[in-house]
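Colleague: Prediction below, plus the sequence it came from.
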Amino acid sequence: MANTSEIVRLLEVERERYVLEIADIERRLSFMRDQIHTLDNLISGYSQEEHGYHSTGSLSESSSKQTTFFLNSSSPLEKDLDKALQQIKSNMSRQQEEELEEEEEEEEEEVDISDIPKLSIARKPGSLPMLKQFREYSIQNAIMILMRHQPHRHMHVDDVVRELYGEDLALDELKTAKATTNKMLSMGAQAGMWCRLLQVQGVYTLQYEKGVTSKPGKRR
């Protein structure tokens, strides 16, 4: 039974990963459709211009010179093409820059945690220690610090345990850490500190998303 529950949990986590990837792909597809629409308009314009050249039949020497001059000069359509291509390049560059900025903000942004209180009493002897940067805080406040650094991330309880306690836990320590962390995550969601993802067990996030997470509870 325990093995079945673990398999189900892993499948749910994998499903959530694909849901997030689909959202990113849909955003990229929307951007690409806009570019295709722009290029279709340009292709249509050039086709009409080319049709106009062929429909004139044989040109006199004078008109041939005029046509040669026209083709060698910058026509309005050519200017529109250059402008559109520049716009496409600009849009692609801007999209790449925005994605890079989002990644950098998540990694480098300084997070204010001055309102999160530290422990006022010493931990009980024998309690499982968290990583150094979290040891002065309660487990629940340590989770809040972790989420503030990554406010849009969907965190599974296993991810939270790994980031609070590290990856070098013995099996009995891992079970203890997971049980305690799971309890604190559930209590924090009920207290309105963060939100729980709908239809996915053990996954929480700081930001409320309509239709994706549960509504945040009232803060106590």
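Modeller: Done, it's in.

Colleague: for the helix or strand where V19 lies, packing partners?
Modeller: Taking DSSP states H and E as the criterion, the element that holds V19 is helix 2-55. Counting contacts by 3 or more CB pairs under 8 Å, 6 or more residues apart in numbering; DSSP states H and E, helix 2-55 packs against helix 76-108, strand 203-205. All C-beta atoms are positioned from the backbone trio N, CA, C, and that covers glycine.

Colleague: pLDDT of the longest one, averaged?
Modeller: Per-residue pLDDT values over helix 76-108 give a mean of 61.

Colleague: swap in stretch 134-146?
Modeller: The average of the pLDDT scores along stretch 134-146 is 94.

Colleague: Same question for stretch 40-48.
Modeller: 75.

Colleague: Report the secondary structure element holding L119.
Modeller: Here L119 is assigned to no helix or strand, by DSSP H and E.

Colleague: any idea how far A191 is from it?
Modeller: Distance from L119 to A191, counting by CB to CB, to the nearest Å: 18 Å.

Colleague: Between these two, point out the one with more neighbours.
Modeller: Between L119 and A191, counting by other CB atoms under 10 Å, A191 is the more crowded of the two (14 against 11).

Colleague: Backbone dihedrals for that one, both of them.
Modeller: Backbone geometry at A191, expressed as degrees, to the nearest 10, gives phi -90, psi 0.

Colleague: What is the end-to-end distance of stretch 113-123?
Modeller: Separation of the first and last residues of stretch 113-123 by CA to CA, to the nearest Å is 21 Å.
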